[in-house]
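>>> sequence first, then the predicted structure:
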Amino acid sequence: MITISLCMIVKDEENSIARCLESVHDLVDEIIIVDTGSVDQTKHIARHYTEQIYDFKWVDDFSSARNYSFKLATKQYIMWLDADDVISKPNRKLLKQLKDHLDPVVNSVTMRYLVNIDKSGNPSFIIKRNRLVKSSCQFKWKGAVHEYLEVSGPILHSDISIHHFKNKTDNSTRNLQIYEKQINKGTVFSPRDLFYYANELRRHNELHKAIKYYTLFLNHKVAWKEDKIASCGRLADCYHLLDDQEKEREIIYKSFEYDSPRADFCCRLGNLFLGKNQVNEAIYWYKYASRLTWDKNCMGFYHVPSWTWLPHTKLSICYYKKGDFKKAYKHNKLALEYLPYDSGLINNQKLIKNKLKNLT
């Protein structure tokens, strides 16, 4: 059995930290809370779970805070969570099994990060993150914003999932301001910084500026493939919002230069053709998406709807438009296998079923 230090950086998380710690406190051997300036009850709540609470002066650098928390860890492995993360009961069991049986030769364990969870518990995105790392490796966090752990050596891809529950919409310009302070200081951005700076610009509707920085990022030969693919998707978002369908289509096709077509990009192409009522062309791309299988070891962004129910929903619409109600029924039924309680799909199934009855 290995020992685990849980390291967290927090600020004003009184509405979520208890839920997080309740889901994990009995599975770890040490809990280290680094507070970057809370003015609410965060530290008071955390003291119900640990006495190891440390203050850290905020310096506009998430990696600095996370690296400080890691330095305080004393156990064999370090696990990190954010205050709005939760480990569900089935995943608690998997984490316990991992703790009991992990081969100590492993340097890092990835876990699935489930994001944008709907009322039925279905995530919109799944991202693999290096979540548990060996202390003796002294891995460091990199990047002032949207930080990441730089790891090496044997990596285990686990089936453990961490649920991310946002308590409120974050409209803060904090991250954007950090990047712009760095620009004003003359900091040279890494390719990854360019990508995430562009993301912040897009999030705050500075679309033309975002396009500029996404393009700069894509011109870097050393940039990570998965970020390049994601960048094509974000650029497509920008062009969509600017109603430039030609550029939107062009950048979707560009994503195919970095890897074989991904289901989310195929669905985007289907949407463009369907919007122009080019139904046969739309069917081609939705069918293509429906036949793809996600690589479970991929560290990129997994858009769950595009790889599961969405192509079938769109195919049902397309075939309905063509008057092929049998195929429309078939694909709506396939979508229902993923979302059995979706009221829209259930109503569509009844509607199409009535159409089929009227034909007989």
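Looks like it came in fine.
>>> where does Ser5 land in three-state SS?
Ser5 carries the three-state label strand when classified by DSSP: H, G, I helix; E, B strand; the rest coil.
>>> spatially nearest residue to it (excluding sequence neighbours)?
Spatially, and ignoring its direct neighbours in sequence, Ser5 is nearest to Ala73 (3.6 Å; CB to CB, 6 or more residues apart in numbering). Where you see a C-beta, it was placed from the backbone N, CA and C, and this is true even at glycine.
>>> can you give me the neighbour number for that neighbour?
The tally of other residues near Ala73 (other CB atoms under 10 Å) stands at 21.
>>> where are the low-confidence patches of this structure?
Along the chain, the model assigns pLDDT under 70 to residues 167-171, 360.
>>> packing partners of the strand or helix carrying Cys238?
Assigned by DSSP states H and E, Cys238 belongs to helix 225-241. Other helices and strands packing on helix 225-241, by 3 or more CB pairs under 8 Å, 6 or more residues apart in numbering; DSSP states H and E, are helix 191-203, helix 207-218, helix 245-254, helix 263-275.
>>> buried residues in it?
226-240 (16 or more other CB atoms under 10 Å).
>>> got it, and stretch 176-191?
Buried-residue list, stretch 176-191, by 16+ other CB under 10 Å: 176, 178-179, 182, 189, 191.
>>> per-domain residue ranges of the chain.
Domain assignment for the chain by automatic domain parsing gives 4-164, 171-259, 262-360.
>>> not counting sequence-adjacent ones, nearest residue to Cys266?
Excluding its sequence neighbours, the residue lying closest to Cys266 (CB to CB, 6+ apart) is Ala289, at 3.8 Å.
>>> so that neighbour is in contact with Thr308, correct?
No. At 10.0 Å, Ala289 does not count as touching Thr308 under the criterion of CB atoms under 8 Å.
>>> more neighbours: the two, which one.
Shown here are Ala289 and Thr308; by other CB under 10 Å, Ala289 has more neighbours (26 against 20).
>>> so how far is Lys209 from the more buried one?
31 Å (CB to CB, to the nearest Å).
>>> and Arg202, by the same measure?
Taking CB to CB, one finds Arg202 at 9 Å from Lys209.
>>> looking at those two, which has the bigger crowd around it?
Between Arg202 and Lys209, counting by other CB under 10 Å, Arg202 is the more crowded of the two (20 against 15).
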